[in-house]
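Engineer: The following block contains a protein sequence and its predicted model.
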Amino acid sequence: MVHAFVLVVLLGTGETMKQLPNPMYFRSINVCQYYAKSITKQYGNYNYRSLVPPEHRITAYCKPVYTKDGEYIYDH
């Protein structure tokens, strides 16, 4: 068992918010946060976030977990 970070991705807002399946695990919080930051900025200029439909808005963050060591934990 190892400590790792799981990338949690939520799609939508309010009542329609759902967590996407198939989580990604990372050994480093920095790498996990890089992906979380990149996923949320896929629509480009953040000044126009209000123009993105609520059902397409994405929230992503990293959560520490204790999981089995294996090939599914990304290093980069």
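Structural biologist: Arrived safely.
Engineer: Show me the helices in this structure, by range?
Structural biologist: With DSSP state H as the criterion, the chain has helices at 29-40.
Engineer: where are the low-confidence patches of it?
Structural biologist: Applying pLDDT under 70 to the chain flags the ranges 43-49.
Engineer: Now do the strands in it.
Structural biologist: For the chain, strands defined by DSSP state E occupy the ranges 2-11, 18-19, 24-26, 58-67, 73-74.
Engineer: Okay, now the sheet partners of the fourth one, with direction.
Structural biologist: I take that to be strand 58-67. Here strand 58-67 is paired, per DSSP bridges, with strand 2-11 (antiparallel).
Engineer: Show me what counts as buried in the strand it pairs with.
Structural biologist: A4, F5, V6, L7, V8, V9 (16 or more other CB atoms under 10 Å). The C-beta positions use only the backbone N, C-alpha and C, and glycine is treated the same way.
Engineer: now the residues you listed as TSV including distance to Y66?
Structural biologist: Formatted as TSV, the buried residues of strand 2-11 follow (distance: CB to CB, whole Å):
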residue	distance to Y66
A4	8
F5	11
V6	10
L7	16
V8	16
V9	20
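Engineer: which one of the residues you listed sits closest to T67?
Structural biologist: A4 (5.5 Å; CB to CB).
Engineer: Any idea which of the strands of the chain gets closest to T40?
Structural biologist: Taking the strands of the chain one by one with CB to CB, strand 58-67 is closest: 5.3 Å.
Engineer: outside of that closest one, which residues touch it?
Structural biologist: 1-11, 17, 25-26, 29, 32-33, 35-37, 39-40, 42, 73 (CB atoms under 8 Å, 6 or more residues apart in numbering).
Engineer: partners of the closest residue to Q33 other than its chain neighbours in the sheet?
Structural biologist: Residue nearest to Q33 in three dimensions, not counting chain neighbours: C62, with 5.7 Å by CB to CB, 6 or more residues apart in numbering. C62 forms beta bridges with L7, as assigned by DSSP bridges.
Engineer: circling back: pipe the strands of the chain into TSV and attach distance to V52 per row.
Structural biologist: Formatted as TSV, the strands of the chain follow (distance: least, CB to CB, whole Å):
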stretch	distance to V52
strand 2-11	11
strand 18-19	16
strand 24-26	23
strand 58-67	9
strand 73-74	27
